[in-house]
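Trainee: fold the stuff below for me.
(one chain, ligands or ions: 1)
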Amino acid sequence: MRALHYHQVTKHYFNRFAQSLGYLDWATQPDPFRRYAGTPVIPLSRDIVAGERSYVSLYERDDEPSAIDDRDRVPFGIDDRDRVRFAIDDRDRVRFAIDDRSIAEFLRCSMGLSAWKQYRQTRWALRVNPSSGNLHPTEAYLLRQGDVHHYAPREHALEQRARIDRAAWNTFTGGRDGFLVALTSILWREAWKYGERAFRYCQHDTGHALAAMRIAASLLGWNLTLLQRWSDADLSTLLGVDRDSDYGDAEREETECLAVVTPGETAPWVTADPAPLVAAARNAPWSGHANRLSTDHVPWPIIDEVAEATRYPGVAQSIPNAPTPPPSRPETEARFGETSPELVTRARQAAAGNVQPLPIPNSQDMRAREVILKRRSAVAFDARSGLARAAFFSMLARLRPGAPPWDAIDWPPQVHLILFIHRVEGMTPGVYAYLRDPAVLDEWRSAMRPEFVWEPIEDGLFLLFPSDVTFTANRVSCDQEIAADGFFSLGMITRLEPSLRERGEWFYRRLFWECGMIGQVLYLDAEAASARGTGIGCFYDDAVHELLALQDDRWQSLYHFSMGVPVEDTRLTTEPGYS
Ligand SMILES: Cc1cc2nc3c(=O)[nH]c(=O)nc-3n(C[C@H](O)[C@H](O)[C@H](O)COP(=O)(O)O)c2cc1C
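Mentor: Residues are numbered from 1 along each chain as shown. Below you'll find the model as predicted:
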C-alpha cells in the first residue's frame, strides 16, 4: 500500500529525520493567505453573536440533561430577535437562526484570526485553528444558497467564486435550512518547511479545522457532519479547485472534506445525491484567479503520490467486524525494568501529596466563545504545576464518541492514547493507556509489552508502568521539553494497517483527522482549565513503538500532545485578530 510506504518513509529516527530541505529557504516562504483576485468580496460581520454559551454545554449530547444554566439564557450583548428557541424534550436550547451574522460568527470562531503577534519587525497572524509550524495549509469554503465562497481569514470576508444554478441547489437541499462547508489543503505550505513528512501535518491540520468547525457549530446550536457520498473528484468540481485556468502557476489545493451545517437533521443532507449539484457546478459561471504563494517550489514526489493514493472515491466500503488475531510477538527487551505490585504501591505513595493541582475553574462560568478565541499553543511549561484529577477525567471523557465533535465523523474510534503522566493530582507518575473504545482492551494488551501491569484506574484509563517518565516523554517527542514539563504528554496510537486494509487507502487521511480532532478538544480543554496545550507532530515514531513493544504497523503513533501551565514569551507583543 502506497500510504503505508509513505508512512514508513516519513518516520523520524533518533539519528535521522524524515527527508526535508534541512534549512528554511526564506526566499520562497509561502504567503499564509490565499486570495482569489477578481471575485466579489463580501465583508463579514465582526459582531459577537454567541457570547453567552457556557463551555461545557458545547459537548452536550442530545440525550443528556442540559448543562446550560439560567445565565446562559439571558441575552448577553445581543439582540434577542437573532435567537430562535426550540423546545427539545423538556429543555429549552438556544439555536441561532442561520443568517449572515451567525455565519460570520461561525467562521470567526473556527477558521478566523485569533491574534497578531510581533517580535521586532516581524508580525504574524495566529488563528483559531492551530497548524503545524503556523503554516496553515487548510483553506475553508462555504456554500450557501447556491453560492460558492472561499473564506479569506485576514479580511474576515467571503470571496464569491461561483453561482450555482439555484434549482440544482434547492434539489440537493430539499429546501432545508443549512449550508455546506469544505476544507482543502495547500500541501506546499507545509512541504516548504517540513519536506516529505508535510502530508501528515496537513491531515492533522484538517482534523483540527474539522473539530474547530464542529465546535463552532455547537456554539450556535447547530449540527455538523461530513457528507461521505462526495468523492474528492466531485468535491474538487464543486469547489472549482479542478479548474486549471483559475490557477495558472499558483499552488493547487487538495480537497479534503465536505460537511453540512444545519440546525436540523443532518441525515437528509448525508444521503442526498451529489450528481446534479456537481453537474451544475461544472456549468456555473466562475470568477477569480488564485494568488501564487511562493516564488519557487521544491518538488516532493512522495507527497504527490500519497495524495493521489489516498483520494476518497466517495463510496464507503462495508467494514468487516471480524476481529484480527493478535500477531505473535517475539521476546522484547524490557525497557522499563521489572514491574511488581509493590513497586506500584511504592511509586503511588511517593507521588501522593507531591502534586499541587491548579484550582479548577468553574466550567459553568467559562464562556465557550472566550475559550475558543484564546486557544494558543504553549512554547514552554513551568514544570511545576499540577492538574486537578476531576479536570483530567472530564478531559478524557470528552474524547469518547457520542457527543460533539465526534458526531461530525461516521467511523468508530481508531485512535487511543498512551499517556506520560507527570503531574496529575492523586495519580502515580507513569505510563498509562486510555481506551476510547473499551472493546479494544484485549487487542491492545496482547499487542504491548507483557510486563505492563494494566491496573484499571477509572473510565477506561489503565496504569501500565509507574515511574518518573519525564525523560522518556521528552526523548520520544523529538527531545522537546514541552513533553516533559507539563501535567502530561501523550501519543495517539492508531489502528493503522488493519483500518486501511478494511476500508481503503483513503482512510489514511481520516486517521490523522481523528488525531487532529482529539488534539483540538484537548487544546480547548486546556484553556478551560486555565492551562495550555501544544500539538506535537515531531516525535521519533519507532522509538514510541519500541517503548510499548508494538511490533508492526497494526498500531502506530500518529500524533502527540502535551498540556501544562505555560511560560509566556514576554518578548512578543500581541494584538487582537481583528480590530
Ligand atoms: C499538527 C501539529 C503539529 C505540531 N507540532 C508541534 C511540535 O512538534 N512542537 C511544537 O512546539 N509545536 C507544535 N505545534 C504547535 C504549532 O507550532 C502551533 O499550532 C502554531 O505555531 C500556531 O500557534 P497557535 O497554536 O498558538 O495558534 C503543532 C501544531 C499542530 C497543529
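
Trainee: ok, which residues in the stretch 201-350 of the chain are in contact with the ligand?
Mentor: Contact residues (CB under 6 Å from any ligand atom) of the stretch 201-350 of the chain with the ligand: Tyr201, His204, Asp205, His208. C-beta here means a position set from N, CA and C on the backbone, and glycine is covered the same way.

Trainee: distance of the closest residue to the second one other than its chain neighbours from Arg200?
Mentor: In this case it means His204. Closest residue to His204 apart from its sequence neighbours, by CB to CB, 6 or more residues apart in numbering: Gly516 at 4.4 Å. Distance, Gly516 to Arg200, by CB to CB, to the nearest Å: 10 Å.

Trainee: ok, now Asp31?
Mentor: For Asp31, the distance to Arg200 - CB to CB - is 23 Å.

Trainee: same question, Val453
Mentor: 32 Å.

Trainee: all strands for the stretch 351-500 of the chain, in order.
Mentor: Along the stretch 351-500 of the chain, the stretches classed as strands by DSSP state E, counting those that start in this stretch are 415-421, 430-434, 455-458, 461-466, 488-495.

Trainee: mind checking which of these is nearest the ligand?
Mentor: Nearest of the strands of the stretch 351-500 of the chain to the ligand, taken as CB to the nearest ligand atom: strand 488-495 at 10.8 Å.

Trainee: now do that closest one: distance to the chain's middle.
Mentor: Computed by CA atoms, centre = their mean, to the nearest Å, the chain-centroid distance of strand 488-495 equals 14 Å.

Trainee: output that strand as CSV, nothing but the C-alphas.
Mentor: C-alpha atoms of strand 488-495 as CSV (Å, rounded to 0.1, in the frame of the first residue of the first chain):
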residue,chain,number,x,y,z
PHE,A,488,1.2,15.1,30.9
SER,A,489,2.0,14.4,27.3
LEU,A,490,0.6,11.6,25.2
GLY,A,491,0.9,9.6,22.0
MET,A,492,-2.2,8.9,19.8
ILE,A,493,-1.8,5.2,19.0
THR,A,494,-3.8,4.4,15.9
ARG,A,495,-5.0,1.2,14.3
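
Trainee: quick one: which helix or strand includes the closest residue to Lys374 other than its chain neighbours?
Mentor: Counting by CB to CB, 6+ apart, the nearest residue to Lys374 once its immediate chain neighbours are dropped is Glu527, at 5.6 Å. Element membership of Glu527, judged by DSSP states H and E, is helix 507-528.

Trainee: again with Ser562
Mentor: Applying DSSP H and E, one finds Ser562 within strand 555-564.

Trainee: relative to helix 507-528, how tilted is that strand?
Mentor: Strand 555-564 runs at 20 degrees relative to helix 507-528, counting by axes from the mean of the first three to the mean of the last three CA atoms, to 10 degrees.

Trainee: touching the ligand at all, strand 555-564?
Mentor: No - using CB under 6 Å from any ligand atom, strand 555-564 never reaches the ligand; the gap is at least 6.5 Å.

Trainee: show me what that strand is packed against.
Mentor: strand 488-495, helix 507-528, strand 532-536, helix 541-548 (3 or more CB pairs under 8 Å, 6 or more residues apart in numbering; DSSP states H and E).

Trainee: close to the ligand: what parts of the protein are there?
Mentor: So the chain meets the ligand at 126-127, 130-134, 201, 204-205, 208, 376-377, 480, 482, 534-538 (CB under 6 Å from any ligand atom).

Trainee: could I have the buried ones of those as PyMOL selection syntax?
Mentor: Restricted to buried positions by 16 or more other CB atoms under 10 Å, the PyMOL selection for those reads:
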select buried, resi 126+127+130+131+132+133+201+204+205+208+376+377+480+482+534+535+536+537+538
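
Trainee: in helices only, show me the residues of the chain next to the ligand.
Mentor: Members of those lying in helices (criterion: DSSP state H): Tyr201, His204, Asp205, His208.

Trainee: out of the residues you listed, the closest to Ala279 would be?
Mentor: Distances from Ala279 to those, taken as CB to CB, are shortest for Asp205 (31.1 Å).

Trainee: which of the residues in stretch 450-464 are buried?
Mentor: Glu451, Phe452, Val453, Glu455, Gly460, Leu461, Phe462, Leu463, Leu464.

Trainee: Met111 against Ala125, yeah?
Mentor: No - Met111 lies out of contact with Ala125 (CB atoms under 8 Å); the separation is 12.0 Å.

Trainee: in terms of neighbours, single out the busier of these two.
Mentor: Using other CB atoms under 10 Å, the more surrounded residue of Met111 and Ala125 is Met111, with 24 against 18.

Trainee: I'd like the distance between that one and the ligand.
Mentor: Note on Met111: its distance to the ligand, by CB to the nearest ligand atom, to the nearest Å, is 12 Å.

Trainee: likewise for Phe393?
Mentor: With CB to the nearest ligand atom as the criterion, Phe393 and the ligand are 25 Å apart.

Trainee: any idea of the mean pLDDT in the helix or strand harbouring Ala307?
Mentor: Taking DSSP H and E as the criterion, Ala307 maps to helix 301-309. Throughout helix 301-309, pLDDT has a mean value of 98.

Trainee: starting at the chain centroid, how far to that helix?
Mentor: Per CA atoms, centre = their mean, the centroid offset for helix 301-309 relative to its chain is 22 Å.

Trainee: try stretch 266-279
Mentor: Here the centre of stretch 266-279 is set off from its chain's centre by 25 Å, with CA atoms, centre = their mean.

Trainee: do the same with stretch 554-572
Mentor: 14 Å.

Trainee: now do the buried residues in it.
Mentor: Applying 16+ other CB under 10 Å to stretch 554-572 flags 554-566 as buried.

Trainee: start to end distance for that stretch?
Mentor: Using CA to CA, to the nearest Å, the end-to-end distance of stretch 554-572 comes to 43 Å.

Trainee: for Phe452, list the residues it contacts.
Mentor: Applying CB atoms under 8 Å, 6 or more residues apart in numbering to Phe452 gives the contacts Thr339, Val431, Ala433, Arg445, Leu464, Phe465.

Trainee: all helices of the stretch 51-200 of the chain, in order?
Mentor: 100-108, 166-173, 187-194, 198-219 (DSSP state H, counting those that start in this stretch).

Trainee: most neighbours per residue, which of those helices?
Mentor: helix 198-219 (a mean of 28; mean count of other CB atoms under 10 Å).

Trainee: mind exporting the C-alpha coordinates of that helix to PDB?
Mentor: The C-alpha coordinates for helix 198-219 follow below in PDB (Å, rounded to 0.1, in the frame of the first residue of the first chain):
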ATOM      1  CA  ALA A 198       4.400  17.500   5.500                       C
ATOM      2  CA  PHE A 199       1.400  15.500   4.200                       C
ATOM      3  CA  ARG A 200       0.900  14.100   7.700                       C
ATOM      4  CA  TYR A 201       0.700  17.600   9.100                       C
ATOM      5  CA  CYS A 202      -1.700  18.800   6.500                       C
ATOM      6  CA  GLN A 203      -4.000  16.000   7.600                       C
ATOM      7  CA  HIS A 204      -3.600  16.800  11.300                       C
ATOM      8  CA  ASP A 205      -4.500  20.300  10.500                       C
ATOM      9  CA  THR A 206      -7.600  19.200   8.600                       C
ATOM     10  CA  GLY A 207      -8.700  17.300  11.700                       C
ATOM     11  CA  HIS A 208      -8.100  20.300  13.900                       C
ATOM     12  CA  ALA A 209     -10.100  22.500  11.500                       C
ATOM     13  CA  LEU A 210     -12.900  20.000  11.300                       C
ATOM     14  CA  ALA A 211     -13.300  19.800  15.100                       C
ATOM     15  CA  ALA A 212     -13.000  23.600  15.300                       C
ATOM     16  CA  MET A 213     -15.900  23.900  12.800                       C
ATOM     17  CA  ARG A 214     -17.900  21.300  14.600                       C
ATOM     18  CA  ILE A 215     -17.400  23.100  17.900                       C
ATOM     19  CA  ALA A 216     -18.300  26.500  16.400                       C
ATOM     20  CA  ALA A 217     -21.500  24.900  15.100                       C
ATOM     21  CA  SER A 218     -22.200  23.700  18.600                       C
ATOM     22  CA  LEU A 219     -21.600  27.300  19.900                       C
END
